[in-house]
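Trainee: What would the 3D arrangement of this be:
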Amino acid sequence: MDEKAYTPDEVAQIFQISKHTVYELIKRGELQAFKIGNKMRIEHSELERFKENTKAPAKKSPTEPIGTPSNPAQSIRLSGSHDFLVEHFAKQAATALNLQIQPSYIGSLEGLMMLYRGQCDIAAIHLLDPTSQEYNLPFIRQLFVYESILVLRLAARQQGFIVAKGNPKNIHNFTDLTRHDVQFVNRQKGAGTRFLLDSRLSINGIEPNKIAGYSNEEWNHLSAASYISRGTADVTFGIQSAASHLGLDFIPVAKENFDMVFRFTAENKQSLTDLNEYLQSPSFKDSLTELEGYDISELGKITYQTSQMEETTTC
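Mentor: Residues are numbered from 1 along each chain as shown. Okay, the predicted model is just below:
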(Lines give C-alpha, C1' and ligand atoms only; values in the text may rest on other atoms or scores of the structure.)
Protein backbone atom coordinates (compact mmCIF):
# COMPACT_ATOMS: atom_id res chain seq x y z
CA MET A 1 0.00 0.00 0.00
CA ASP A 2 1.28 3.48 -0.82
CA GLU A 3 2.19 5.62 2.19
CA LYS A 4 -0.27 8.41 2.99
CA ALA A 5 0.94 11.91 2.12
CA TYR A 6 -0.39 15.09 3.74
CA THR A 7 -0.86 18.62 2.46
CA PRO A 8 0.67 21.56 4.42
CA ASP A 9 -2.89 22.45 5.53
CA GLU A 10 -3.41 18.97 6.96
CA VAL A 11 -0.02 19.05 8.72
CA ALA A 12 -0.91 22.44 10.23
CA GLN A 13 -4.15 20.94 11.62
CA ILE A 14 -2.37 17.87 13.00
CA PHE A 15 0.22 19.93 14.91
CA GLN A 16 -2.14 22.83 15.69
CA ILE A 17 0.16 25.36 14.05
CA SER A 18 -0.25 27.82 11.19
CA LYS A 19 0.23 26.87 7.55
CA HIS A 20 2.96 29.54 7.40
CA THR A 21 4.89 27.71 10.15
CA VAL A 22 4.67 24.45 8.19
CA TYR A 23 6.20 26.14 5.13
CA GLU A 24 8.89 27.70 7.33
CA LEU A 25 9.79 24.26 8.73
CA ILE A 26 10.05 22.94 5.16
CA LYS A 27 12.24 25.90 4.13
CA ARG A 28 14.56 25.29 7.08
CA GLY A 29 14.91 21.62 6.17
CA GLU A 30 13.40 20.53 9.50
CA LEU A 31 10.44 18.93 7.73
CA GLN A 32 11.07 17.08 4.47
CA ALA A 33 8.51 17.52 1.70
CA PHE A 34 8.20 16.60 -1.97
CA LYS A 35 6.38 18.22 -4.87
CA ILE A 36 3.65 16.92 -7.15
CA GLY A 37 3.47 19.60 -9.80
CA ASN A 38 3.39 22.79 -7.74
CA LYS A 39 1.83 21.14 -4.67
CA MET A 40 3.77 20.24 -1.53
CA ARG A 41 3.22 16.86 0.17
CA ILE A 42 4.65 15.38 3.39
CA GLU A 43 4.75 11.61 3.98
CA HIS A 44 3.35 10.02 7.16
CA SER A 45 6.74 8.56 8.12
CA GLU A 46 8.25 12.05 7.89
CA LEU A 47 5.61 13.38 10.31
CA GLU A 48 6.44 10.59 12.75
CA ARG A 49 10.17 11.36 12.48
CA PHE A 50 9.52 15.05 13.03
CA LYS A 51 7.35 14.38 16.11
CA GLU A 52 10.03 12.11 17.58
CA ASN A 53 12.77 14.69 17.02
CA THR A 54 10.77 17.49 18.61
CA LYS A 55 9.94 15.68 21.83
CA ALA A 56 11.23 17.49 24.92
CA PRO A 57 14.65 16.07 25.90
CA ALA A 58 15.09 14.24 29.17
CA LYS A 59 16.54 16.32 31.99
CA LYS A 60 20.29 16.10 32.29
CA SER A 61 22.11 15.36 35.51
CA PRO A 62 23.23 18.59 37.24
CA THR A 63 26.73 17.14 37.48
CA GLU A 64 27.01 16.52 33.72
CA PRO A 65 29.85 18.69 32.33
CA ILE A 66 29.11 21.38 29.73
CA GLY A 67 30.45 20.70 26.26
CA THR A 68 30.12 16.91 26.29
CA PRO A 69 28.61 15.24 23.18
CA SER A 70 25.27 14.77 25.03
CA ASN A 71 25.22 18.46 25.94
CA PRO A 72 27.12 20.24 23.19
CA ALA A 73 28.30 23.81 23.47
CA GLN A 74 26.22 26.57 21.88
CA SER A 75 26.08 26.59 18.10
CA ILE A 76 25.76 29.61 15.84
CA ARG A 77 22.55 29.81 13.80
CA LEU A 78 22.87 31.37 10.36
CA SER A 79 19.69 32.12 8.42
CA GLY A 80 18.82 33.94 5.23
CA SER A 81 19.61 33.86 1.55
CA HIS A 82 21.20 30.90 -0.16
CA ASP A 83 24.60 31.71 -1.63
CA PHE A 84 27.66 29.65 -2.56
CA LEU A 85 30.00 32.00 -0.68
CA VAL A 86 27.85 31.76 2.45
CA GLU A 87 28.00 27.96 2.23
CA HIS A 88 31.78 28.15 1.81
CA PHE A 89 32.19 30.59 4.71
CA ALA A 90 30.10 28.43 7.06
CA LYS A 91 32.11 25.29 6.25
CA GLN A 92 35.53 26.96 6.37
CA ALA A 93 34.82 28.90 9.57
CA ALA A 94 33.38 25.86 11.33
CA THR A 95 36.58 23.93 10.61
CA ALA A 96 39.02 26.78 11.30
CA LEU A 97 37.36 27.86 14.55
CA ASN A 98 36.12 24.45 15.72
CA LEU A 99 32.66 25.98 15.84
CA GLN A 100 29.26 24.47 15.11
CA ILE A 101 27.34 26.54 12.53
CA GLN A 102 23.75 25.67 11.63
CA PRO A 103 22.75 27.25 8.29
CA SER A 104 19.14 27.64 7.23
CA TYR A 105 18.58 29.01 3.72
CA ILE A 106 15.07 30.43 3.89
CA GLY A 107 15.38 33.74 2.00
CA SER A 108 16.71 37.18 2.89
CA LEU A 109 13.56 38.65 4.41
CA GLU A 110 12.72 35.66 6.58
CA GLY A 111 16.36 35.39 7.67
CA LEU A 112 16.39 39.03 8.77
CA MET A 113 13.08 38.59 10.60
CA MET A 114 14.45 35.55 12.42
CA LEU A 115 17.41 37.66 13.50
CA TYR A 116 15.01 40.37 14.68
CA ARG A 117 13.05 37.79 16.70
CA GLY A 118 16.25 36.42 18.24
CA GLN A 119 15.88 33.06 16.50
CA CYS A 120 19.30 33.17 14.84
CA ASP A 121 22.69 34.87 15.32
CA ILE A 122 23.58 35.83 11.73
CA ALA A 123 21.42 36.80 8.76
CA ALA A 124 22.71 36.58 5.18
CA ILE A 125 20.79 39.10 3.08
CA HIS A 126 20.51 41.05 -0.18
CA LEU A 127 17.31 43.08 0.05
CA LEU A 128 16.68 45.95 -2.33
CA ASP A 129 14.57 48.80 -0.92
CA PRO A 130 12.40 49.82 -3.89
CA THR A 131 12.05 53.43 -2.70
CA SER A 132 15.71 54.31 -2.11
CA GLN A 133 17.16 51.60 -4.41
CA GLU A 134 19.61 50.91 -1.57
CA TYR A 135 20.48 47.41 -0.40
CA ASN A 136 19.94 46.02 3.10
CA LEU A 137 20.49 49.07 5.32
CA PRO A 138 16.96 50.57 5.02
CA PHE A 139 15.52 47.31 6.40
CA ILE A 140 18.18 46.97 9.11
CA ARG A 141 17.77 50.55 10.34
CA GLN A 142 14.01 50.08 10.69
CA LEU A 143 14.20 46.81 12.60
CA PHE A 144 17.20 47.12 14.90
CA VAL A 145 17.30 50.07 17.30
CA TYR A 146 18.47 48.78 20.68
CA GLU A 147 20.32 45.62 19.58
CA SER A 148 24.06 45.30 19.03
CA ILE A 149 24.23 44.88 15.25
CA LEU A 150 27.25 44.67 12.94
CA VAL A 151 26.84 44.51 9.14
CA LEU A 152 29.70 43.07 7.12
CA ARG A 153 30.02 43.03 3.34
CA LEU A 154 30.50 39.55 1.93
CA ALA A 155 30.49 40.38 -1.77
CA ALA A 156 28.80 42.18 -4.62
CA ARG A 157 27.04 39.77 -6.99
CA GLN A 158 25.79 39.85 -10.55
CA GLN A 159 22.08 39.15 -10.96
CA GLY A 160 20.45 38.60 -14.32
CA PHE A 161 18.67 36.22 -16.68
CA ILE A 162 19.75 32.58 -16.67
CA VAL A 163 19.00 30.94 -20.03
CA ALA A 164 19.95 27.85 -21.99
CA LYS A 165 23.30 27.70 -23.77
CA GLY A 166 23.23 29.90 -26.83
CA ASN A 167 20.10 31.72 -25.57
CA PRO A 168 17.80 29.95 -28.08
CA LYS A 169 14.74 32.06 -27.13
CA ASN A 170 16.72 35.29 -27.61
CA ILE A 171 15.85 36.67 -24.17
CA HIS A 172 17.52 39.99 -23.30
CA ASN A 173 15.15 42.12 -21.22
CA PHE A 174 12.14 42.03 -18.89
CA THR A 175 9.66 42.59 -21.72
CA ASP A 176 10.81 39.28 -23.25
CA LEU A 177 9.45 37.50 -20.16
CA THR A 178 5.90 38.36 -21.29
CA ARG A 179 6.22 36.60 -24.65
CA HIS A 180 3.87 33.66 -25.23
CA ASP A 181 6.76 31.36 -26.19
CA VAL A 182 8.73 32.02 -22.97
CA GLN A 183 8.27 29.97 -19.77
CA PHE A 184 9.64 31.52 -16.56
CA VAL A 185 10.51 30.02 -13.15
CA ASN A 186 10.56 32.32 -10.12
CA ARG A 187 12.05 32.53 -6.62
CA GLN A 188 9.88 32.45 -3.51
CA LYS A 189 8.37 35.51 -1.85
CA GLY A 190 10.86 37.01 0.62
CA ALA A 191 13.93 36.06 -1.41
CA GLY A 192 16.23 38.98 -2.19
CA THR A 193 16.26 37.93 -5.83
CA ARG A 194 12.44 38.16 -5.87
CA PHE A 195 12.66 41.69 -4.37
CA LEU A 196 14.97 42.77 -7.19
CA LEU A 197 12.87 41.10 -9.89
CA ASP A 198 9.61 42.65 -8.70
CA SER A 199 11.25 46.07 -8.42
CA ARG A 200 12.46 45.87 -12.03
CA LEU A 201 9.09 44.63 -13.27
CA SER A 202 7.41 47.59 -11.59
CA ILE A 203 9.91 50.05 -13.07
CA ASN A 204 9.25 48.59 -16.52
CA GLY A 205 5.47 48.65 -16.05
CA ILE A 206 5.12 44.87 -16.38
CA GLU A 207 2.29 43.05 -14.61
CA PRO A 208 3.42 39.70 -13.10
CA ASN A 209 0.29 37.95 -14.44
CA LYS A 210 1.62 38.59 -17.96
CA ILE A 211 4.57 36.26 -17.28
CA ALA A 212 3.96 32.53 -17.78
CA GLY A 213 5.49 30.70 -14.79
CA TYR A 214 5.71 33.71 -12.46
CA SER A 215 3.82 31.75 -9.77
CA ASN A 216 6.14 28.73 -10.12
CA GLU A 217 8.50 29.26 -7.15
CA GLU A 218 11.77 27.59 -6.17
CA TRP A 219 13.75 28.00 -2.95
CA ASN A 220 17.32 28.49 -4.16
CA HIS A 221 19.32 29.53 -7.20
CA LEU A 222 20.35 26.04 -8.31
CA SER A 223 16.81 24.66 -8.05
CA ALA A 224 15.50 27.46 -10.24
CA ALA A 225 18.36 27.20 -12.74
CA SER A 226 17.92 23.42 -12.97
CA TYR A 227 14.57 24.01 -14.72
CA ILE A 228 16.54 25.66 -17.54
CA SER A 229 19.11 22.86 -17.76
CA ARG A 230 16.30 20.27 -17.91
CA GLY A 231 14.44 22.26 -20.58
CA THR A 232 11.25 22.61 -18.51
CA ALA A 233 11.58 26.42 -18.45
CA ASP A 234 13.30 28.98 -20.67
CA VAL A 235 14.53 31.56 -18.17
CA THR A 236 14.91 32.37 -14.49
CA PHE A 237 16.27 35.39 -12.67
CA GLY A 238 19.31 34.62 -10.52
CA ILE A 239 23.02 34.90 -9.90
CA GLN A 240 25.77 34.34 -12.42
CA SER A 241 27.48 31.63 -10.38
CA ALA A 242 24.35 29.42 -10.57
CA ALA A 243 24.43 29.67 -14.36
CA SER A 244 28.14 28.80 -14.35
CA HIS A 245 27.57 25.76 -12.11
CA LEU A 246 25.12 24.28 -14.63
CA GLY A 247 26.82 25.40 -17.85
CA LEU A 248 24.08 27.87 -18.74
CA ASP A 249 24.26 31.33 -20.29
CA PHE A 250 23.85 34.50 -18.27
CA ILE A 251 22.64 37.98 -19.24
CA PRO A 252 23.69 40.48 -16.51
CA VAL A 253 21.08 42.96 -15.28
CA ALA A 254 22.22 44.36 -11.92
CA LYS A 255 25.01 44.31 -9.36
CA GLU A 256 23.82 43.85 -5.79
CA ASN A 257 25.37 43.98 -2.32
CA PHE A 258 25.29 40.78 -0.28
CA ASP A 259 25.84 41.37 3.45
CA MET A 260 26.02 39.36 6.67
CA VAL A 261 24.27 40.84 9.71
CA PHE A 262 25.65 39.82 13.11
CA ARG A 263 23.47 40.28 16.21
CA PHE A 264 25.65 40.19 19.32
CA THR A 265 24.37 38.83 22.64
CA ALA A 266 26.11 37.88 25.86
CA GLU A 267 25.91 34.23 24.81
CA ASN A 268 27.31 34.52 21.28
CA LYS A 269 29.66 37.49 21.63
CA GLN A 270 32.92 35.54 21.57
CA SER A 271 31.85 33.24 18.72
CA LEU A 272 30.67 36.15 16.56
CA THR A 273 33.85 38.10 17.31
CA ASP A 274 35.89 35.11 16.13
CA LEU A 275 33.72 34.77 13.00
CA ASN A 276 34.11 38.49 12.25
CA GLU A 277 37.90 38.22 12.47
CA TYR A 278 37.92 35.08 10.34
CA LEU A 279 35.77 36.67 7.62
CA GLN A 280 38.30 39.50 7.36
CA SER A 281 41.36 37.23 7.53
CA PRO A 282 43.80 36.64 4.64
CA SER A 283 43.36 32.87 5.09
CA PHE A 284 39.65 33.04 4.28
CA LYS A 285 40.22 35.34 1.30
CA ASP A 286 42.90 32.97 0.00
CA SER A 287 40.38 30.10 0.17
CA LEU A 288 38.07 31.79 -2.33
CA THR A 289 38.37 30.46 -5.86
CA GLU A 290 36.10 30.22 -8.91
CA LEU A 291 34.44 33.54 -8.16
CA GLU A 292 32.68 34.17 -11.45
CA GLY A 293 29.91 36.69 -10.80
CA TYR A 294 31.33 37.91 -7.49
CA ASP A 295 33.28 41.01 -6.51
CA ILE A 296 35.03 40.50 -3.14
CA SER A 297 36.98 43.76 -3.13
CA GLU A 298 35.00 44.87 -0.03
CA LEU A 299 35.04 41.47 1.73
CA GLY A 300 34.76 42.00 5.49
CA LYS A 301 34.10 45.74 5.28
CA ILE A 302 31.89 47.09 8.08
CA THR A 303 29.01 48.86 6.34
CA TYR A 304 26.90 49.59 9.41
CA GLN A 305 26.83 49.16 13.17
CA THR A 306 24.38 50.30 15.82
CA SER A 307 25.45 52.67 18.58
CA GLN A 308 25.28 49.77 21.03
CA MET A 309 27.79 47.89 18.90
CA GLU A 310 30.07 50.93 18.71
CA GLU A 311 30.04 51.22 22.50
CA THR A 312 30.89 47.53 22.80
CA THR A 313 33.82 47.70 20.39
CA THR A 314 35.31 50.80 22.02
CA CYS A 315 35.16 49.49 25.59
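
Trainee: Who does whichever strand or helix holds residue 78 pair with, and is each partner parallel or antiparallel?
Mentor: Element membership of residue 78 [criterion: DSSP states H and E] is strand 76-80. If you go by DSSP bridges, strand 76-80 pairs up with strand 101-105 (parallel), strand 122-125 (parallel).

Trainee: buried set for that strand?
Mentor: Using 16 or more other CB atoms under 10 Å as the test for burial, strand 76-80 gives 76-80. Just so you know, the C-beta spots here come from the backbone N, C-alpha and C atoms, and that holds for glycine as well.

Trainee: now do stretch 291-307
Mentor: Neighbour count says stretch 291-307 has 293-294, 299-300, 303-306 buried, by 16+ other CB under 10 Å.

Trainee: Over to stretch 250-262?
Mentor: 250-251, 253, 256-262.

Trainee: Check the average confidence over that stretch, would you?
Mentor: Mean per-residue pLDDT for stretch 250-262: 98.

Trainee: one step back: neighbouring contacts of the strand holding residue 78?
Mentor: 28, 86, 90, 99-108, 110-112, 114-115, 119-125, 268, 271-272, 275 (CB atoms under 8 Å, 6 or more residues apart in numbering).

Trainee: looking at it, residue 140 is touching residue 263, isn't it?
Mentor: No. With contact defined as CB atoms under 8 Å, residue 140 does not reach residue 263; the gap is 10.3 Å.

Trainee: the helices in the stretch 201-315 of the chain, which residues?
Mentor: 221-230, 240-245, 269-279, 282-286, 307-314 (DSSP state H, counting those that start in this stretch).

Trainee: What residues sit buried inside the first one?
Mentor: What that stands for is helix 221-230. The neighbour-count check on helix 221-230 (16+ other CB under 10 Å) flags 221-229 as buried.

Trainee: ok now it, how far from the chain's centre?
Mentor: For helix 221-230, the separation from the chain centroid amounts to 17 Å (computed by CA atoms, centre = their mean, to the nearest Å).

Trainee: and residue 130, which of the helices of the stretch 201-315 of the chain is closest to it?
Mentor: Counting by CB to CB, residue 130 lies closest to helix 221-230 out of these; the figure is 21.4 Å.

Trainee: right, and the secondary structure at residue 109 would be what?
Mentor: Under DSSP: H, G, I helix; E, B strand; the rest coil, the three-state class of residue 109 is helix.
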